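> Kindly return the folded structure for what I paste below:
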Amino acid sequence: MPSNLQCLLDNRPQGEATAGNFKFVTTETPPLADGQVLVRHHYLSLDPYMRGRMSETKSYAAPHPVGTVMIGGTAGEVVESRHASFTPGDKVAGMGGWQQWSVVDAGRPGALRKVDTTRVPLSHYLGAVGMPGITAWYGLVKVLEARAGQTIVVSAASGAVGSAVGVLAKAHGCRVVGMAGGPEKCRYVTGELGFDACVDYRPHADALSLARALKEACPDGIDGVFENVGGLVMDAAMLRMNPFSRIAVCGMIASYDGQPVPMAYPQLILANRMRIEAFIVSEHMEVWSQAQRELAELVGSGKFRPRESVAQSLESAPEAFLGLLKGRNFGKQLVKLI
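Just a heads-up that it's a prediction; the model follows:
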């Protein structure tokens, strides 16, 4: 059995996460028991939710245990199998974590799923056709209940989730306006993803200034917001919301340094009879197959060409993750392990 490089959560962050919160070790991969498969990971997914799991603060999931392999989605190939449903060579996706190999109890529901790479590249099962894309689908379809003709605003629009929200919303007949950091990302959002407009939040020092830019991009107001950021970005959108509008709260990256993120205009929730709903896509597994079919068709047909930022080797994962939290990635952040 192969030796296995692993990245552990070594200690909990105090404020911003740092590379010192992680530790690399090499272990021996145990032999397979009946019902298990050995998977060689080709790609590791890096996602903002991981920062929340590193801390002990109250959240939707228990804190990740110190001294164990960091949690994370992986895509790779079955190398050895002692389970009847998997054979060597099968391409699979699962939650193998920050390591090169994993031994998986393949009979456990949801532990490992085969993926079809004939039309969709393997890496996209960690992005556009994986958890981020399905997150986008659920928030847009089930929370915002987006309808043709509505104006939908998406924060962090060039990221893995935001880009999928925009493409899906356009496919559903919506007017879509993104918010992103920097001219290059805004050009990608409109030029490649097909958003109707994109607002660069970086030049704006306060919510009122950003709201004025949103007013120009959304002359008829905002019917729905897919929120990935919080803070100033969310405050600005709330200033432009229409009556009976909705906000799907997917992420709060503005709070990932551990500091409070106040809401500046909570009175607008009442004034606009606004609905704000947070969700965790792993709690809605019943929609995954439907969402994945729609996303796979968009990617396979070329209507959605997701962008990826790919770091090379497991050793690069901590710095790539810290860059993700600062918005340095462009599209889905992956680590290539093979």
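> Surely residue 319 and residue 20 touch.
No: using Cβ atoms under 8 Å, residue 319 is not in contact with residue 20, being 11.7 Å away. Yep, even glycine has a C-beta here, placed from its N, CA and C like the rest.
> the more surrounded of the two?
Between residue 319 and residue 20, residue 319 has the larger neighbour count (other Cβ atoms under 10 Å), namely 13 against 10.
> For the more buried one, give me its contacts.
19, 311 (Cβ atoms under 8 Å, 6 or more residues apart in numbering).
> before we move on, what about residue 265?
Contact analysis of residue 265 by Cβ under 8 Å, 6+ apart lists 207, 235, 238, 239.
> Check the gap between the closest residue to residue 80 other than its chain neighbours and residue 136 for me.
In this structure, residue 80 finds its nearest non-sequential neighbour in residue 38, 4.2 Å apart by Cβ to Cβ, 6 or more residues apart in numbering. Here residue 38 is placed at a distance of 32 Å from residue 136 (Cβ to Cβ, to the nearest Å).
> repeat for residue 297
14 Å.
> Compare those two and say which is more crowded by neighbours.
Shown here are residue 297 and residue 136; by other Cβ under 10 Å, residue 136 has more neighbours (30 against 15).
> and stretch 231-244, how far apart are its ends?
Taking Cα to Cα, to the nearest Å, stretch 231-244 runs 21 Å from one end to the other.
> tell me which residues in stretch 331-338 are buried?
For stretch 331-338, burial by neighbour count (16 or more other Cβ atoms under 10 Å) applies to 331, 332, 333, 334, 335, 336, 337.
> which of the residues you listed lies closest to residue 77?
residue 337 (11.1 Å; Cβ to Cβ).
> For the closest one, which non-adjacent residue is closest in space?
Distances taken as Cβ to Cβ, 6+ apart put residue 41 closest to residue 337, at 5.0 Å, once the chain neighbours are dropped.
> moving C-terminal of the helix or strand containing residue 322, what's the next helix or strand?
Assigning secondary structure by DSSP states H and E places residue 322 in helix 317-325. With elements assigned by DSSP H and E, the helix or strand that comes after helix 317-325 is strand 332-336.
> Hey, what's the angle from that next one to helix 317-325? Just curious.
Orientation check (axes from the mean of the first three to the mean of the last three Cα atoms, to 10 degrees): strand 332-336 against helix 317-325 gives 170 degrees.
> Which neighbours in the sheet does strand 332-336 have, and how are they oriented?
Note on strand 332-336: by DSSP bridges, its sheet partners are strand 36-45 (antiparallel), strand 308-312 (parallel).
> and the shortest one, average pLDDT?
Translated: strand 308-312. In this model, strand 308-312 carries a mean pLDDT of 97.
> Could you list the buried residues of it?
Quick answer for strand 308-312 (16+ other Cβ under 10 Å): 308, 309, 311.
> Would you mind writing the CA trace of that strand as CSV?
Extracted in CSV, the C-alpha atoms of strand 308-312 (Å, rounded to 0.1, in the frame of the first residue of the first chain):
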residue,chain,number,x,y,z
GLU,A,308,-10.5,27.2,-12.4
SER,A,309,-7.5,28.3,-10.3
VAL,A,310,-5.3,25.2,-9.9
ALA,A,311,-2.4,25.0,-7.4
GLN,A,312,0.1,22.2,-7.9
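> who's in contact with that strand?
By Cβ under 8 Å, 6+ apart, strand 308-312 touches 123, 127, 317, 319-320, 329-336.
> got the contact list for the residue nearest to residue 337?
Residues in contact with residue 41 (Cβ under 8 Å, 6+ apart) are 74, 75, 76, 96, 99, 100, 101, 102, 337, 338.
> Which one of these is nearest to residue 190?
Using Cβ to Cβ, those come closest to residue 190 at residue 75, 29.5 Å.
> Just grab the bridge partners of the closest one for me.
Beta-bridge partners for residue 75, by DSSP bridges, are residue 43, residue 93.
> measure it to residue 132 for me?
13 Å.
> Pull up the overlap in contacts between the two.
residue 126.
> hey, where'd the helices end up in this protein?
Residue ranges of the helices in the chain, as given by DSSP state H, are 49-54, 131-138, 160-171, 183-191, 207-217, 231-238, 267-271, 288-300, 317-325.
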